[in-house]
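K.L.:
Return a 3D structure for these sequence lines:
(2 chains)
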Protein chains: 2
Amino acid sequence: MKIALAQINQIVGNFRKNTEKICSYINCAKDQGAHLVIFPELAVTGYPPRDFLDIPAFVDKNLAALDEIAHHTSGISAIVGFVDKNKQPYGKLVHNAAAFIQDRKVISVHYKTLLPTYDVFDEHRYFEPARTVFPVKFRNHLLGLSICEDIWNDDEFWPRPLYERDPIKDLISQGATLIINIASSPFTAEKHEKIRLPMLIHDTLKYRVPLIYVNQVGGSDELVFDGNSTAINAEGKVIAQAAVFEEELMFVDMANPAVQVPRKSSTTIETVYRALIVGLRDYTEKCRFKKVVIGLSGGIDSAVTLALAVASLGNENVMGVLMPSQFTSESSINDAVKLCKNLSVPHKIIPISTIFDVYRDALKEEFRGTPFDVTEENLQARIRSNIIMAFSNKFGYLVLTTGNKSELSVGYCTLYGDMSGGFALISDVPKTMVYELARYMNREKEIIPQNIISRAPSAELRPNQYDQDTLPPYDILDGILKAYIEDNKCTAEIIAMGYDKKIVHTIVNKVKKNEYKRRQAAPGIKVTSKAFGSGRRMPIAHDFMC
Amino acid sequence: MKIALAQINQIVGNFRKNTEKICSYINCAKDQGAHLVIFPELAVTGYPPRDFLDIPAFVDKNLAALDEIAHHTSGISAIVGFVDKNKQPYGKLVHNAAAFIQDRKVISVHYKTLLPTYDVFDEHRYFEPARTVFPVKFRNHLLGLSICEDIWNDDEFWPRPLYERDPIKDLISQGATLIINIASSPFTAEKHEKIRLPMLIHDTLKYRVPLIYVNQVGGSDELVFDGNSTAINAEGKVIAQAAVFEEELMFVDMANPAVQVPRKSSTTIETVYRALIVGLRDYTEKCRFKKVVIGLSGGIDSAVTLALAVASLGNENVMGVLMPSQFTSESSINDAVKLCKNLSVPHKIIPISTIFDVYRDALKEEFRGTPFDVTEENLQARIRSNIIMAFSNKFGYLVLTTGNKSELSVGYCTLYGDMSGGFALISDVPKTMVYELARYMNREKEIIPQNIISRAPSAELRPNQYDQDTLPPYDILDGILKAYIEDNKCTAEIIAMGYDKKIVHTIVNKVKKNEYKRRQAAPGIKVTSKAFGSGRRMPIAHDFMC
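P.N.:
Got it, this is the predicted structure:
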């Protein structure tokens, strides 16, 4: 039995394109002699459709698309993720479903049992879970169809299962001889290598059945899907492994599989780099932007953002804008210009000193007797925002913001200033990882001028200002932030890890106090286990300290 | 049996204050001879605690607070909402729980069965549902304890129940003689009068048992809780009704209840007005702001926002800033000044023309040959944002944005311009309702100058510009928006309601295209059945049209 794994990149709600792509992959699979072609979770609608699922017309269009796909499926069988209506007289209106199609007919429909409702996932918001699961006969196999989270609840693999039910166990107990899992499982650094793949291998070894895992690929708002579709035999050996971050139609012959030499796994920084490249490419494409514009300070964050944008979109689609003030050093300007030269990116220079002075003049009566403070610092960042947004408005560029996760965590950024823009490319990348990205991109030749990497980071909003005047060194900051944000530790636990008590309290307080800024932040690409945005939902008005 | 309903206003995560308040209400109830005092859902933590629930230290502090409350409860019994740990070896880590306390001991703990996961609610994200429910004996009654959503699933009241289980039915079948429901049920216009109260009455009549409903009160970020705690006898008659939007300790004698004369119900606009007042008061207080600043254009939105702020915080805590440009009419300035005079609010005037000219000069090389377009319009709004944010930074004011729901829906607003601010007071109030609020506030004397209400709305960002140049009349716009956003209708259905086809398509396209702006909007107060923000979660990168 030859099976095709269709690792595709869909667009939420574009039923015409999504259907065409599914049909064309069905054709390809058939042409190459596959008996069965398998598509990812919610391949018909794109994932995540979010609150479009509440719109009846959206569900109807998806059902019409599934009909069209079924009608197209002859001479081959297919498994296709879609949204089905819930026929029970109670509960959520729809199911997250997989159709098993043969000879132009939907033979059976399988519903997702376990609905992830944590981090970025909201599936209980929309879907009614399956009440039962059942395997389905196909050639010499009894297929156990499951959808994404269904396979993430093994009570031997996980110290504490999140759900009472285990649909994989149920399918095996009903005689399934091949487990199929269709997924829309987003990327986070090291997830596939350290969790997902070991878990899939664990399942095959536990039940001694082979497993086929088909994940989607590409970016959708904050999420990037890494693909990594995989087939594993009953001995827990990988027999097929699809590309990472790329569409692919991969074939596996279940009757005669060859164990694969495990692919040399990429470094963490390389996969994060690729996730950012793909996430930006798909966000711009799917939002119908062609070009991006980036404000360049001469610092590391904007340099890395620019270099990533060039790698993602090509230098012809990227523009840099320098907006020096009286506090900007010559070397910042030189470094930013050199960066643009290295990347063959055009740049503009719009000084802001005159504008800054005019504002200060307009406010001098009101602000008389007050010292130069964060007001004047923020004002500079906001003048730059106005200029970069003017470029966006006038020429249709998407503005990329350049803030990293460490800054966003502690509020070392200006709302309506450097936080202004449509996409916050590195907003889930900690500062220490921003440096790693710079070194990675410089591995063969100098793209990011060495001086940008070497010198002490500064916001240059007042004379002789350095990040480390108000923040601990970034390796310490990032350690505390990971413990607090990703691992949900309280201050006492973080201090017990060896961090300075006063620093820990200061940092945790800053994180809490700056929730209001993050509420208004642009979306960015999730690369860690806990990104701001839909993955972390905190109150603003609260009084909790721990 | 005398029961006290403690309709209180808590602060998320302030365990010290929350515990003190609960204990002081216990004292009061005891002093007045109550046998039992009942607190709202999650009274210990405040509601909604959101992702604090994922932090073990938060749950531990809440359990310690409950211990303290239990220890304090002698000579009276109490029912208190809190977060309990899930003792099962699988599932979410916590339950949404109610403790039944007698003589300093927690006699029984009752878990929430039905976990709302739609609109603003995310309860499946955090809580494991109850597996079973059971009544508990108290004096001559068998109490059926339930938590909020548990009572919202009657299969006779609702055309399609959202859940399979009905914990109220279960409690009744086990002999409950008094249903108690503790709630954190947020306000939306007309919800209590048209849905909640009729539903509660329906339940008492169906089962012929009395019911006590205790709701929290006050604002928490986007949500305002209206209270409206109620006791209803077995004949469906209201025997006690608590205040709306105010804390109250209300008593009801179950042995000798007096049927209440139904309170003269407020008009819709009056309750919306009060919701906005309370929501703003609590947001500023709970975020520890004292004063707010508002940019005044001379238009209706900023005028209504200012008048609401004065009603909420007092004129001594409100400041208006006028920022006229070359396009601002004399009458706009005069009207705004008159408004401030009517409300005894200080105002500042900072003209922006010079600043605007300096920007244009700085950009003239780059923008040479391009016409005056939305770029220059947005620039004016963004200059104003910089000035108002400078006031915020310098003096610690909270900036209130003044955009209404109609504008936010179609993107008739400038990101980082008039959208800048910490709280978007009227962002869920449709434009037609903004006018209603103005007329309501003017019912006794002119607060908002009549000219502001009468004249055609204009953004005044270019000469002779009126909202209705690019938008349909607001009553038509608001009708289409309600159908699309609140009722999830597609364009064909909205056209079938009698609206012009071209207008409907234009408006729906605008709503979809401007999702990116709303993603970065400040939080505002939910007053309709579907507010932007956590209640409506849409993708930005998509391609769905219907």
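
K.L.:
Could you count how many residues lie near the nearest residue to residue A:86 once chain neighbours are set aside?
P.N.:
Excluding the flanking residues, the one nearest residue A:86 by Cβ to Cβ, 6 or more residues apart in numbering or on different chains is residue A:128, at 4.6 Å. (Glycine included, C-beta is placed from N, CA and C.) Number of residues near residue A:128 (other Cβ atoms under 10 Å in any protein chain shown) recorded here: 24.

K.L.:
so who does residue A:117 touch?
P.N.:
A:123-125, B:117, B:122, B:124-125 (Cβ atoms under 8 Å, 6 or more residues apart in numbering or on different chains).

K.L.:
Which pair in those has the greatest spatial separation?
P.N.:
Using Cβ to Cβ, the contacts of residue A:117 span at most 11.7 Å, a distance reached by A:123 and B:122.

K.L.:
on that earlier part again, so the residue nearest to residue A:86 sits against residue A:89, correct?
P.N.:
No - judged on Cβ atoms under 8 Å, residue A:128 makes no contact with residue A:89 at a distance of 11.5 Å.

K.L.:
For residue A:275, see how far away the residue nearest the centre of chain A is.
P.N.:
Nearest to the mean C-alpha position of chain A, counting by Cα atoms, centre = their mean, stands residue A:223 at 2.7 Å. Going from residue A:223 to residue A:275 by Cβ to Cβ, to the nearest Å gives 10 Å.

K.L.:
so what sits against both of these two?
P.N.:
A:187, A:525.

K.L.:
Now residue A:219: which helix or strand?
P.N.:
Following DSSP states H and E, one finds residue A:219 within strand A:217-220.

K.L.:
would you put the C-alpha positions of that strand in CSV?
P.N.:
Taking Å, rounded to 0.1, in the frame of the first residue of the first chain, the C-alpha atoms of strand A:217-220 are listed here in CSV:
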residue,chain,number,x,y,z
VAL,A,217,3.3,23.9,6.9
GLY,A,218,3.5,27.7,6.6
GLY,A,219,2.6,30.7,8.5
SER,A,220,-0.8,32.0,9.7
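
K.L.:
Which strands or helices does that strand pack on?
P.N.:
strand A:223-226, helix A:268-286 (3 or more Cβ pairs under 8 Å, 6 or more residues apart in numbering or on different chains; DSSP states H and E).

K.L.:
Turn these into CSV, columns for mean pLDDT and distance to chain B.
P.N.:
CSV is the format used below for the helices and strands packed on strand A:217-220 (pLDDT from 0 to 100; distance: least, Cβ to the nearest Cβ, whole Å):
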stretch, mean pLDDT, distance to chain B
strand A:223-226, 98, 10
helix A:268-286, 98, 4
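
K.L.:
and the residue in the stretch 1-150 of chain A positioned nearest to chain B, what does it touch?
P.N.:
Closest residue of the stretch 1-150 of chain A to chain B, Cβ to the nearest Cβ: residue A:13 (2.6 Å). Residues in contact with residue A:13 (Cβ under 8 Å, 6+ apart) are A:45-46, A:49, A:52, A:58, B:539, B:542-545.

K.L.:
And residue A:95, by the same measure?
P.N.:
Residue A:95 neighbours (Cβ under 8 Å, 6+ apart): A:83-86, A:111-112, A:127-130.

K.L.:
Just the buried residues out of these, in ChimeraX syntax.
P.N.:
Buried members of these can be picked out in ChimeraX with the line below, counting by 16 or more other Cβ atoms under 10 Å in any protein chain shown:
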select /A:83,84,86,111,112,127,128,129,130
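
K.L.:
Mind checking which of the contacts of residue A:95 are in strands?
P.N.:
A:83-85, A:111 (DSSP state E).

K.L.:
Residue A:75 reaches residue A:30, doesn't it?
P.N.:
Yes - proximity of residue A:75 to residue A:30 meets the contact threshold set by Cβ under 8 Å, at 5.4 Å.

K.L.:
Comparing those two, which residue is more hemmed in?
P.N.:
Neighbours per residue, other Cβ under 10 Å: of residue A:75 and residue A:30, the larger number sits with residue A:30, 18 against 11.

K.L.:
okay, and the helix or strand of chain A with the least pLDDT?
P.N.:
Lowest on mean pLDDT, DSSP states H and E among the helices and strands of chain A sits helix A:467-470, with a mean of 85.

K.L.:
Return the distance of it from the chain's centre.
P.N.:
30 Å (Cα atoms, centre = their mean, to the nearest Å).

K.L.:
just stretch A:60-75 next, same as before
P.N.:
Worked out by Cα atoms, centre = their mean, stretch A:60-75 lies 29 Å from the chain centre.

K.L.:
If you count neighbours, what's buried in that stretch?
P.N.:
A:61-62, A:65-66, A:68-70, A:72-73.

K.L.:
Just send these back as CSV, with pLDDT too.
P.N.:
Output for the buried residues of stretch A:60-75, formatted as CSV (pLDDT from 0 to 100):
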residue, pLDDT
A:61, 98
A:62, 98
A:65, 98
A:66, 98
A:68, 98
A:69, 98
A:70, 98
A:72, 97
A:73, 97
